[in-house]
Structures are given as structure tokens and as C-alpha cells.
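Asker: Sharing a model prediction with you, sequence too.
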Amino acid sequence: MDEQLIKDCTAKAKVWLGDGFDEETKAAVKAMLDNEDKTDLIEAFYQNLEFGTGGLRGIMGPGTNRMNKYVVGMATQGFANYINRAFPDIQPSVVVGHDCRNNGRMFAETVAAIFSANGIKVYLFESLRPTPEISFAIRQLHAQAGVNVTASHNPKEYNGYKAYWDDGAQVLFPHDKGIIDEVNKMTIEQVKFEPNYDLIKIIGGEMDIDYLRAVKEAMVDQDVILRQKDLNIVYSPLHGTGRVIIPAALRTWGFQNINVVREQMVIDGNFPTVVSPNPENSEAMTLGMKLGDKLNADLVIASDPDADRLAIVCRDNKGQWMILNGNQTAMMFYWYIITNKKKLGQLKGNEFMVKTIVTSELIKKIANRNGVEIFDDFTGFKWIAYRIRINEGKKKYIGGGEESFGFLPFDKVRDKDSPASICLICEIAAWAKDNGMTLFDLLLNIYKDYGFQKEKAVSVVKPGKSGADEIKAMMENFRNNPPKELGGSPVVLTKDFKSLKQVDCKTGTVSDIEMPDTSNVLQYYTENGAKVSVRPSGTEPKIKFYCEVPAEFDGDYVKASAAADETLKKICTSLGI
């Protein structure tokens, strides 16, 4: 073990034994210092938990590399300093919310106290609320910024802190860099923890009503819903913030047969009924499918703990449950919005949609064939929000999403929105039923019309400091030694979004990629139509590989899927994962 690293961590830890820290924190830090095994000490203090462009996210506990009220306090003090400097001529205001995670309320109240102590008016939600409602409230209240205490779908040990700007989107350049600079200057002695209660206003029910009214704007065709109002829906909030707002939203849209997974309606940051509260993991949907079988449901839906993402389970052509992946879900959204808005005469010619660069290329085919402009942006919903903002007043946004189960079907919110998306997918299921189909039948029709693609995301987890170093080395190796072939097919195009350069591998021609910023993402396109994207996660200790391959499709989903799996297996072997 690196002796210098131990010395550095010991010095940082001893600061946490000072007067500015509570007794419980000091006892925990002392135990780490006294332990002969310095692993916990190093993990807790080897770095400062990074306040990145989206805010904070980390394992809860004492230490500079952990989520605790002191790290949250320094982040908030830096954010407050930046807000006051950015809005010198007004008294700025912020919206503060939290989800179901352990310590969420404590962190939210800490954030509210510090903002108020710095002369900033705070709208603090009375209890847990979905992430999209926080975004909505920022816009509705004309606030200058916002904070949502959430770690989204991360395991129970995590919590986090999303920072928002006045458009209701997560902060982007130049504000992200300005806030980070302020946060990095902070010491615990500079944090104003004592609240000014005169500047803290509790909000709740009235914002719920406004938000539910806005969500109805995502509806495409209410007549379909009225004809299929008895669509049999099973819903789970996975112990999180969707538990009240999503059933209410479905009812306001006209759906009347809504059944909830009662065990998962309990608010619990330990997520006792799932291994991980991540709708990307099929295990999280087990209880919902069990209830769906009992009730002979048409579909099973879940939202993640902060209710910004959704998962959908429908019946295949044998009546068995099939969990749709994020790309399939996204395809249905894009296809339905475009097709049915066109049929209903709702498209005027100035509409646009957005997808992320790691999301299925089939979506681009759907938009292009139907004459709807579509933008490819970086991973992270802040980039979809950016695209909405720069086109506001010039073009009309009608939908955007990403493969990781996030979608936004209207522009009153500037983050992923599962309440609106869940209502819309139920409308799509109602439309399919109205036309003698299931969601699965609709998916097959899309593949018949636009071609079959199958996607696979592989995450290689590398925890701790050594893991972070490994991930960095892996990215550098892929960057400096790009693969010549993947799965037996030559690589014909490479893209590096860090340098914003792409290379035509056949001619060697290098050209620029037009993007609003840079991102540490690499992409490889093969001769047979496969696409592979590689990026380190911004919120978890992992490197992610997004693979997409085509296959012949004659209407047999199982056959096409199996053929694609063979190609995907070969590609993973080529990548060494």
C-alpha cells in the first residue's frame, strides 16, 4: 500500500477530528485512523468527492470522498456564492427537493438552511417528490436555480445532489465550471449552516396540481384513452417518489384500471424488495410481473426511486412477459409521437426531436423517413434540455430520450420525466389495443418497417481509486489503439468526442464533429452496420460499452434476436469484455 497516500489521507482525516464536526463523525473517522487496515481510510479520503457538471454523487459516510452533510454543505456554499454573484440585482430563489433515499430529508434541509443563510429564498418541498417535478417547479416559480437530493437508480449506499439552473435543466457551461470553481475553494469553516427561516417557504400540493396539469400536455390522442380506459395497468414506484404522482397522473389522463405493487409502495431507502432499484435490471420487475399474472394485466410499469426513468413489461406473442429494453421503449415513443401527430394534423413542419449518441440508430431512421428533424446529443439529459433551450421560440420540441430508460415527451420539464412518459406509454398501449395489437405487436411492426437492430449494454465495474485508474487506462488504450475489426467486421468509422474528430478508416480522412462541447466518448462503426460506444460512467465506478447490431428480420423476433446475440457475443470478445 502506498505509504505517501496513507500519510496524505491521515492528514486529511485528522482535520475531521476538529471542532467543526459532530461527535458521531469524529468517532467514525477515529476508528478509520486507528484501524491497521487503511483501506477504508483511503477510500474515504483519497480525494474530494467531485462536484461535477451534474453535481455530487457518492457512497454515504464520513470523509472527503463521501456524501455527508459537510461535503454537501461545502458544495452548497460554493453554489450559493456563485448564484449570488450571477444575480447581483435581485434576491435569487432556489427550489430544493429530495427523493426516498436514506438521509435525503436531512441533506435537503441542510441545503435549504445554507441557501437561506446566504440570503437566497428557498422553496423547499414538504416531502419527497419526483425529479421532473423539481425541474418543473424551478420554471413555474421563476427560480434562478435548484437542487434535488437524489442518487437516481444507484444502490442503497449512495446519495447525491443534482444542481439545476434557471431553465429547469442541470447546469451547463459556463455555469457548471463557475460553480465547480467556487465549490473547490470551500473549506468547512466558510459554510453558513445556520438557517434564516424567514427565507424558507414549504411547497407541495399546489405544485403537484400544476405539474399534473402540465403533464397532460404530453397526451397525443385522448379519444384512444377514452375507448380503452379499462387498460389493465400494474405499476410500481420501487419504494420511491412515483407512488402518489404517477397513479394520479394516469387517472387525470383517463385510465381507470390502475393496480399498484403494494410491497413496493412503501417509501424505503433500503429498497428491501429489490437487489437494485434500477429499472434496467429485470430483477426489479419481478413483483410487478407476479401481480400482472394474478390480474391478467396488459402491461407492467415501474419508475425508479426519483421517478425520472421508467421500465415497461408487455406480453409477447405467446402471452409471456417481455421486458422492453430502453431502446425499444424509446423507439415506440418516437414512432407513436411522429406517426399519430402526423395523422391528427398536429405536425406543422417546425418540430424536432432529440436522441443521445448511444441510443439506437433506428430512431434516426424513423424521424428521417417522416421528415422530422432529429438531433444527436451527448449522454445526459442536460444535453437534450440544452437542445430545447437553444431552439425555444424557433422550433417545437415534441420528444427526446436515451437508451437508459429516460424520455421527455413535452417541454414544461427539462429532465427525464417518468410520470409523463408512463402516461404516454399507456396511451400507446391503448392505441395498440384499439387497433387489435399489443405493444409487442407494435414493436414487431416497427422492426418490419425500419429494420431490426438489437442493443446490448455492458458495464465493467471498477470500484475505488485503483478502479478509477484502471478505467482511465482502458479509455486511453481504446483511444490510442482503436480496434481494426469488431466481431469479424472491419471498423469503417471511428469517432472521438473528446477531440471532436472522426476518422474514415478506409480513406484515412479526418474530419471535425460538430457538437456543443466535448465528452469522453469513443465510437466505432463497422462495415456490417454495427455501432459500439465506449464511455466511463459519470456517476458510478464503471466503464460502459453500448453495442448495437443489425440482423435479418422476417417477423420472427426470437430468430432475429438470436442471430443478433451471436454478433454481439463476437463483438464483446473483440472488445475483451
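Answerer: In hand now; what should we look at?
Asker: Check the burial of the residue nearest to Gly104 when sequence neighbours are not counted by counting its neighbours.
Answerer: Spatial nearest neighbour of Gly104, excluding adjacent residues (Cβ to Cβ, 6 or more residues apart in numbering): His98 at 3.9 Å. Any C-beta I mention is one placed from the backbone N, CA and C, and that applies to glycine too. By other Cβ atoms under 10 Å, 28 other residues sit near His98.
Asker: how near is His98 to Gly464?
Answerer: Separation of His98 from Gly464 (Cβ to Cβ, to the nearest Å): 27 Å.
Asker: ok, now Thr252?
Answerer: Distance from Thr252 to Gly464, by Cβ to Cβ: 46 Å.
Asker: Averaged over its residues, which helix or strand of the chain has the lowest pLDDT?
Answerer: In the chain, no helix or strand scores lower on mean pLDDT, DSSP states H and E than helix 464-480, which sits at a mean of 88.
Asker: Just to be sure, Met322 is in a strand?
Answerer: Yes: with DSSP: H, G, I helix; E, B strand; the rest coil as the criterion, Met322 is located in a strand.
Asker: Leaving aside the residues adjacent along the chain, what's closest to Asn280?
Answerer: Actually, residue 280 is Glu rather than Asn. For Glu280, ignoring the flanking residues on the chain, the nearest one in space by Cβ to Cβ, 6+ apart is Phe405 at 6.1 Å.
Asker: mind listing what the helix or strand containing Phe375 pairs with, with the direction of each?
Answerer: Assignment of secondary structure by DSSP states H and E places Phe375 within strand 373-377. With DSSP bridges as the test, strand 373-377 is paired with strand 351-356 (parallel).
Asker: next structured bit after the strand it pairs with?
Answerer: For strand 351-356, the following helix or strand on the C-terminal side (DSSP H and E) is helix 362-369.
Asker: in that following helix, what counts as buried?
Answerer: Within helix 362-369, the residues that count as buried by 16 or more other Cβ atoms under 10 Å are 362-367.
Asker: now stretch 330-339
Answerer: Neighbour counts using 16+ other Cβ under 10 Å place 330-338 of stretch 330-339 among the buried residues.
Asker: Farthest pair within those?
Answerer: Between all members of the buried residues of stretch 330-339, the longest pairwise span (Cβ to Cβ) is found for Ala330 and Ile338 and amounts to 12.5 Å.
Asker: sorry, back to before: what does whatever helix or strand comes next after the least confident helix or strand of the chain contact?
Answerer: Moving toward the C-terminus from helix 464-480, the next helix or strand (DSSP H and E) is strand 485-486. With contact meaning Cβ atoms under 8 Å, 6 or more residues apart in numbering, strand 485-486 is reached by 491, 524, 526, 530, 532, 570-571, 574-575.
Asker: What of stretch 194-213?
Answerer: Where contact means Cβ under 8 Å, 6+ apart, the residues beyond stretch 194-213 that reach it are 95, 112-117, 119-127, 129, 132-133, 136-137, 140-141, 244-245, 248-249, 252, 419.
Asker: Now the terminal residues of that stretch, how far apart.
Answerer: The straight-line separation of the ends of stretch 194-213 (Cα to Cα, to the nearest Å) is 37 Å.
Asker: Next, the buried residues of that stretch.
Answerer: Taking 16+ other Cβ under 10 Å as the neighbour-count basis, stretch 194-213 is seen to contain the buried residues 195-196, 199-200, 203, 207-208, 210-212.
Asker: now, the most widely separated pair of these?
Answerer: The widest separation within those, taken as Cβ to Cβ, falls between Asn196 and Leu212 and amounts to 31.7 Å.
Asker: Just the ones of the contacts of strand 485-486 in helices?
Answerer: Using DSSP state H, the members of the contacts of strand 485-486 that fall within helices are 570-571, 574-575.
Asker: picking that back up, and which of the buried residues of stretch 330-339 is nearest Val274?
Answerer: Val274 lies nearest to Ala330 out of the buried residues of stretch 330-339, by Cβ to Cβ, at 23.1 Å.
Asker: The closest one belongs to a helix, doesn't it?
Answerer: Yes: the secondary structure assignment for Ala330 places it in a helix, going by three-state DSSP.
Asker: what about Phe21, which helix or strand?
Answerer: Per DSSP H and E, there is no helix or strand for Phe21.
Asker: Surely it is in contact with Val71?
Answerer: No: with contact defined as Cβ atoms under 8 Å, Phe21 does not count as touching Val71 (11.6 Å).
Asker: if you count what's nearby, which of these two comes out ahead?
Answerer: Ranked by neighbour count (other Cβ under 10 Å), Phe21 and Val71 place Val71 first, with 25 against 18.
Asker: Let me know the closest of the buried residues of helix 362-369 to Pro277.
Answerer: For Pro277, the closest of the buried residues of helix 362-369 turns out to be Ile363, at 26.7 Å, with distances computed as Cβ to Cβ.
Asker: Quick check: Ile225 vs Asp417, distance?
Answerer: Going from Ile225 to Asp417 by Cβ to Cβ gives 18 Å.
Asker: In terms of packing, which of those two has more residues around it?
Answerer: More neighbours sit around Asp417 than around the other of Ile225 and Asp417, counting by other Cβ under 10 Å; the figures are 33 against 22.
Asker: For Gly399, which three-state class applies?
Answerer: When the structure is split into helix, strand and coil by three-state DSSP, Gly399 lands in strand.
Asker: quick one, domains of this protein?
Answerer: Here the chain is described, according to automatic domain parsing, as comprising the domains 1-46, 47-203, 219-449, 452-575.
Asker: Could you list the low-pLDDT ranges of the protein?
Answerer: Residue ranges of the chain with pLDDT under 70: 1, 53, 538-540.
Asker: Next, count neighbours for Leu439.
Answerer: 25.
Asker: got it, and Glu24?
Answerer: Quick note: Glu24 (other Cβ under 10 Å) scores 9 neighbours.
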